[in-house]
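J.: Test case, fold it:
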Amino acid sequence: MKWTVGDFIAPATEAIVVTLNYRLGVLGFMITDEPDSKASGAGNGGMNGILDQVTALKWVQSHIAGFGGDPAKVTIGGQSSGASSVCTHVVSPLSKGLFSGAIAESGPCTGFWKPLNATYGRGLTKQILAANKATSLDDLRKVPAANLNWPDAAANWILFNGFFVDEGVMPTQPEELYKQGKVNVKQAIFGANSMDGVTPFGYACDGCTPPANASGWPEAMKAHWGPMADAVMKQYPLSRFNGEVATAFVRADADAMVVCPSFRQAQWVAAAPGASAWSYLFDYNKDVIRPCDICADVNDNMHNPIAPNNCTIPGQCSEVGWASHCAELPFVWGTTNGAAPWDSGLTLTCEFTDAEKPFVAELQGYWKSFFYTGQPTAAAADWPAVAPAAHNSSRALGAGAGAGFVVRLIDILGSKATVMKERNADCDFWKSLEPEY
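T.: This is a model prediction of the structure:
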């Protein structure tokens, strides 16, 4: 994905950017329990892709000095599934000592997106073997890699994140290790985008499509949330969103899947001995040029229906600050062109406006400071660390009043932080609803 090449962020932050490859999908995360599937001689296979990353991080520790880097100042970072990997490394005993800082953008490994039950994973393995008329790994090795896929029912499940509890990588669920303060970092940033989650673009999962109007609201919510639907509709009534069904639908999903778990992870790290954490909510969307929403389909058939510039319907823009999954990537990496999503084969060119260029520099300034000092600081505004309490300070990065585009500091305990206060109540709600699975 060329949006995340290091050509621009490396010189801007004076950092050495190292990217890595690892096994994906069935090849990286299928549970087998067979001895020859166990990387490093341990585990059930449900996190072999994570073990690949551990191998790469060990290489960095051994060789980064040869490139002028400091092995004591390695920061790992990722977005979406990459952030989920980062989140996992922060508490995996196998990753201890391999880095000092971590940045996770829109990819928690706790809450609804925590590693799935190993028993469930073993059931999927049986289905994969049966689908390929195989009884062993040796049989599967004779099958073309393109044929090794998760069963449709699993892949279309909204909570399917494709990795499983693997005691060879971590002894228990990541959330438990976070709560116990067993973290491998001195400093971490956990963040999310204001309308993050799986629903904005109609990803191919059951119940992920926002309703077209209020009449379809109850049915869509039941399809998305099942037995939790009534409670979710009560917490997110349409009256909170000026009757905008798409806004309410996406907002509930964003809070449940990404925003709230990310904030909680920052709180847990902040409570760990000798560790500090920061959190952010990115709320700017480069939607003046619609195809530049880089996680959306270029043909618009998956485009988020609540983009702030789509104001043909009265009240459609009540969410002044809006950003979906991936919206922050061009600004963090400083990239203005890259591959269009969904393997379309197209390339998008999305130049920064004059108003956006200072923000790119400032955002990269926060990252540079974090890399070098362990604290995200910049000239424009202070970014307070998260306190290990129920509700904490978070920076909102994105659209502001006045000169079109500024960085706003929101203290979510302050009197002016109505939006974040609501989000705190919503996060408390989701914590009470998270199912065991």
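
J.: Please count neighbours and contacts with C-alpha atoms only from this point.
T.: Will do.

J.: hey, where'd the helices end up in the stretch 301-437 of the chain?
T.: 329-333, 357-373, 418-433 (DSSP state H, counting those that start in this stretch).

J.: which of the residues in the second one are buried?
T.: The neighbour-count check on helix 357-373 (16 or more other C-alpha atoms under 10 Å) flags 359-368, 370-372 as buried.

J.: Turn those into JSON lines, columns for pLDDT and distance to S215.
T.: Shown next, in JSON lines, are these (pLDDT from 0 to 100; distance: C-alpha to C-alpha, whole Å):
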{"residue": "F359", "pLDDT": "82", "distance to S215": "41"}
{"residue": "V360", "pLDDT": "87", "distance to S215": "41"}
{"residue": "A361", "pLDDT": "88", "distance to S215": "45"}
{"residue": "E362", "pLDDT": "85", "distance to S215": "44"}
{"residue": "L363", "pLDDT": "87", "distance to S215": "42"}
{"residue": "Q364", "pLDDT": "91", "distance to S215": "44"}
{"residue": "G365", "pLDDT": "90", "distance to S215": "47"}
{"residue": "Y366", "pLDDT": "90", "distance to S215": "45"}
{"residue": "W367", "pLDDT": "93", "distance to S215": "45"}
{"residue": "K368", "pLDDT": "95", "distance to S215": "49"}
{"residue": "F370", "pLDDT": "95", "distance to S215": "48"}
{"residue": "F371", "pLDDT": "96", "distance to S215": "50"}
{"residue": "Y372", "pLDDT": "95", "distance to S215": "53"}
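
J.: Now the two most distant members of those residues.
T.: F359 and Y372 (19.9 Å; C-alpha to C-alpha).

J.: re the thing from before, include distance to G101 when you put the helices of the stretch 301-437 of the chain into CSV, please.
T.: As requested, those are arranged in CSV below (distance: least, C-alpha to C-alpha, whole Å):
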stretch, distance to G101
helix 329-333, 17
helix 357-373, 8
helix 418-433, 25
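
J.: Go through those and name the closest to L94.
T.: L94 lies closest to helix 357-373 among the helices of the stretch 301-437 of the chain, at 22.3 Å (C-alpha to C-alpha).

J.: Check which helices and strands the closest one sits against.
T.: helix 9-13, helix 329-333 (3 or more C-alpha pairs under 8 Å, 6 or more residues apart in numbering; DSSP states H and E).

J.: Residues in contact with it: which ones?
T.: Applying C-alpha atoms under 8 Å, 6 or more residues apart in numbering, the external contacts of helix 357-373 come out as 9, 12-15, 73-75, 101, 331-334, 375-378, 380, 405-407.

J.: Also stretch 271-280?
T.: Outside stretch 271-280, the residues touching it (C-alpha under 8 Å, 6+ apart) are 180-183, 185-192, 262-263, 266-267, 269-270, 383-388, 393-397.

J.: quick one: buried residues of that stretch?
T.: Buried residues in stretch 271-280 (16+ other C-alpha under 10 Å): A271, A272, A275, S276, A277, W278, S279, Y280.

J.: Identify those among the residues you listed that sit within helices.
T.: Among the buried residues of stretch 271-280, the ones falling in helices (DSSP state H) are A271.

J.: Taking the buried residues of stretch 271-280, tell me the two that lie furthest apart.
T.: Longest span within the buried residues of stretch 271-280, C-alpha to C-alpha: A272 and Y280, 19.2 Å.

J.: show me what contacts V86?
T.: Counting by C-alpha under 8 Å, 6+ apart, V86 touches I76, G77, G78, A102, I103, A104.

J.: can I get these in JSON lines with neighbour count?
T.: Converted to JSON lines, the contacts of V86 look like this (neighbours: other C-alpha atoms under 10 Å):
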{"residue": "I76", "neighbour count": "26"}
{"residue": "G77", "neighbour count": "20"}
{"residue": "G78", "neighbour count": "19"}
{"residue": "A102", "neighbour count": "27"}
{"residue": "I103", "neighbour count": "26"}
{"residue": "A104", "neighbour count": "27"}
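
J.: can you redo these as a markdown table with secondary structure?
T.: A markdown table is the format used below for the contacts of V86 (DSSP: H, G, I helix; E, B strand; the rest coil):
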| residue | secondary structure |
| --- | --- |
| I76 | strand |
| G77 | strand |
| G78 | strand |
| A102 | strand |
| I103 | strand |
| A104 | strand |
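
J.: Of all the helices of the stretch 301-437 of the chain, which one is nearest G123?
T.: Nearest of the helices of the stretch 301-437 of the chain (C-alpha to C-alpha): helix 418-433, 25.5 Å.

J.: CA atoms of the helix or strand containing L51 as PDB?
T.: Secondary-structure assignment from DSSP states H and E places L51 in helix 48-63. Below are the C-alpha coordinates for helix 48-63, written out as PDB (Å, rounded to 0.1, in the frame of the first residue of the first chain):
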ATOM      1  CA  ASN A  48       2.200 -17.400  13.800                       C
ATOM      2  CA  GLY A  49       1.900 -14.100  11.900                       C
ATOM      3  CA  ILE A  50       2.800 -12.300  15.100                       C
ATOM      4  CA  LEU A  51       5.700 -14.600  15.600                       C
ATOM      5  CA  ASP A  52       6.900 -13.600  12.100                       C
ATOM      6  CA  GLN A  53       6.900 -10.000  13.300                       C
ATOM      7  CA  VAL A  54       8.800 -11.000  16.400                       C
ATOM      8  CA  THR A  55      11.500 -12.400  14.200                       C
ATOM      9  CA  ALA A  56      11.600  -9.200  12.200                       C
ATOM     10  CA  LEU A  57      11.900  -7.100  15.400                       C
ATOM     11  CA  LYS A  58      14.800  -9.200  16.600                       C
ATOM     12  CA  TRP A  59      16.500  -8.500  13.300                       C
ATOM     13  CA  VAL A  60      16.000  -4.800  13.900                       C
ATOM     14  CA  GLN A  61      17.500  -5.100  17.300                       C
ATOM     15  CA  SER A  62      20.600  -6.900  15.900                       C
ATOM     16  CA  HIS A  63      21.100  -4.700  12.800                       C
END
